[in-house]
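Undergrad: quick one, fold the following:
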Amino acid sequence: MSSNSHDTHAPSKRVKHDSPVNHYLTYIISILLTMLAFAVVLYGDLDRSFILIFIVSLGIVQALVQLLFWMHAKERGHLFPLIFIFAGAFVALTGVITAVYWVWW
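TA: Take a look at the predicted model:
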């Protein structure tokens, strides 16, 4: 038998890791979004519907930042978890809309 028949040093794929700068930047963005939401509520003289829409928008942006950077959803190989996350969000949103419709009409 030849010693070259089983190569134990096969080239392996190197995983590219994010630098700590990306994590620090994402953390700062998350803190700023949270502080902005608190500031809008603390100010309080704004229209109530504007505050509600603004905070929900900030929450969506915050969720996307968390999903893309902290949960690494932007990387390859995360298609099925993303499908299940968005399917769950769709079911939850459908349930909330159904409950609101049921109570108000």
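
Undergrad: just how off-centre is the top helix by length along the chain within its chain?
TA: Longest helix of the chain, by residue count under DSSP state H: helix 79-104. The chain centroid and the centroid of helix 79-104 are separated by 16 Å under CA atoms, centre = their mean, to the nearest Å.

Undergrad: check stretch 71-90 too.
TA: Chain-centre distance of stretch 71-90: 9 Å, with CA atoms, centre = their mean.

Undergrad: only alpha carbons, please: show the helix or strand containing Val56 as CSV.
TA: Element membership for Val56, per DSSP states H and E: helix 48-65. The C-alpha trace of helix 48-65 is given here as CSV (Å, rounded to 0.1, in the frame of the first residue of the first chain):
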residue,chain,number,x,y,z
ARG,A,48,-49.2,59.7,20.2
SER,A,49,-49.6,58.0,16.8
PHE,A,50,-46.2,59.3,15.7
ILE,A,51,-44.6,57.9,18.8
LEU,A,52,-46.2,54.5,18.3
ILE,A,53,-45.2,54.3,14.6
PHE,A,54,-41.7,55.6,15.4
ILE,A,55,-41.1,53.1,18.2
VAL,A,56,-42.4,50.2,16.2
SER,A,57,-40.1,51.2,13.3
LEU,A,58,-37.1,51.4,15.7
GLY,A,59,-38.0,48.0,17.0
ILE,A,60,-38.0,46.5,13.5
VAL,A,61,-34.7,48.1,12.8
GLN,A,62,-33.3,46.8,16.1
ALA,A,63,-34.6,43.3,15.3
LEU,A,64,-32.9,43.4,11.9
VAL,A,65,-29.6,44.6,13.4
